[in-house]
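Q: Sequence isn't available, so here's the structure alone:
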Ligand SMILES: [Zn+2]
Ligand SMILES: [Zn+2]
């Protein structure tokens, strides 16, 4: 629900809806504006991220496609789900960075075309009955299934989705915190692990399990870094 080229990040089709387009869609389809809002990333404002200023990257929302001619992650999808759809469609949760598996089919999601290797870019795909690779027209429903995912990893993923749905989670001695705070902390931990060995400004004790807690601003539920 976006006008291609009308937005600074047009490839993020599911991130932003032009208000006038949303009003037009609601009027022409008879679907409530709030229902339409729930079909895009705004539904996770205050849950996965605090708010979206539209121009900056959102953590847990990987770019899908290309940026400045550089390839990035593609739109994730489960080929088996697409095969089962009477009209194939992309699930919104497949865009979340912590959702990497299909719980229904217990396989890793795919994010690129096996025919040409290009990341899936839905805005470059012409709408039709099948969802195809924008470059070589490979039908994504026929992409080979990804590796099997075990129950433990699926359970971890489901716990993160449950936190998202609840909007809060207990955080040890700090008590309950908003879910977007816990996701922010989780992202910081991942970044620290990814750059292990180089000390960073905040939370240098987290990766080695020394028991350090994320520092919080006094009177705030936000991490201080
Ligand atoms: Zn599936
Ligand atoms: Zn292709």
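A: Thanks, I have it. Keep in mind it's a predicted model, so treat the numbers as computed, not measured. Ligands and ions are numbered 1, 2, ... in the order given.

Q: Can you give me the distance of the closest residue to residue 50 other than its chain neighbours to ligand 1?
A: Excluding the flanking residues, the one nearest residue 50 by CB to CB, 6 or more residues apart in numbering is residue 180, at 4.9 Å. Just so you know, the C-beta spots here come from the backbone N, C-alpha and C atoms, and that holds for glycine as well. Using CB to the ion, to the nearest Å, we find residue 180 at a distance of 27 Å from ligand 1.

Q: What is the neighbour count of residue 180?
A: For residue 180, the neighbour count with other CB atoms under 10 Å is 24.

Q: pLDDT averaged over the helix or strand it falls within - what is it?
A: In this structure, residue 180 sits in helix 179-194 according to DSSP states H and E. Averaged across helix 179-194, pLDDT comes to 93.

Q: now do stretch 162-171
A: Averaging pLDDT along stretch 162-171 gives 96.

Q: Give me the contact list for it.
A: Residues outside stretch 162-171 that contact it (CB atoms under 8 Å, 6 or more residues apart in numbering) are 44, 46, 47, 48, 176, 177, 178, 179, 181, 182, 183, 185.

Q: what's the most distant pair in those?
A: Spatially, the most separated pair among these is 44 and 176, at 18.6 Å (CB to CB).

Q: correct me, but residue 22 touches residue 38?
A: No: using CB atoms under 8 Å, residue 22 is not in contact with residue 38; the gap is 11.6 Å.

Q: These two - which one has more neighbours?
A: Neighbours around residue 22 and residue 38, counted as other CB under 10 Å, are more numerous at residue 22. The numbers are 18 against 12.

Q: show me what contacts the residue nearest the centre of the chain?
A: Among the residues of the chain, the one closest to the centroid is residue 96, at 1.7 Å (CA atoms, centre = their mean). Counting by CB under 8 Å, 6+ apart, residue 96 makes contact with 44, 48, 60, 61.

Q: Among those, the buried ones, what's the PyMOL command?
A: What follows is the PyMOL syntax for the buried subset of those, where burial is set by 16 or more other CB atoms under 10 Å:
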select buried, resi 44+48+60+61
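
Q: so which of the contacts of residue 96 comes closest to ligand 2?
A: The closest of these to ligand 2 turns out to be residue 61 (CB to the ion; 23.4 Å).

Q: and the closest one, that one's in a helix?
A: No: assessed with DSSP: H, G, I helix; E, B strand; the rest coil, residue 61 is coil; it does not lie in a helix.

Q: Ramachandran angles for it?
A: Per-residue torsions, residue 61: phi -120, psi 90 (degrees, to the nearest 10).

Q: How is this protein partitioned into domains?
A: Here the domain assignment for the chain is 1-46, 151-194, based on automatic domain parsing.

Q: State the distance from residue 86 to residue 141.
A: 12 Å (CB to CB, to the nearest Å).

Q: and the two? which has more neighbours close in?
A: Ranked by neighbour count (other CB under 10 Å), residue 86 and residue 141 place residue 141 first, with 18 against 6.

Q: tell me the SS of the more buried one?
A: helix.

Q: Can you tell me the SS state at the closest residue to it other than its chain neighbours?
A: With sequence-adjacent residues excluded and distances taken as CB to CB, 6+ apart, residue 141 is closest to residue 82, at 3.9 Å. Of the three states, residue 82 takes helix according to three-state DSSP.

Q: Touching, residue 82 and residue 91? I think so.
A: No: the criterion here is CB under 8 Å, and residue 82 misses it with residue 91 at 9.8 Å.
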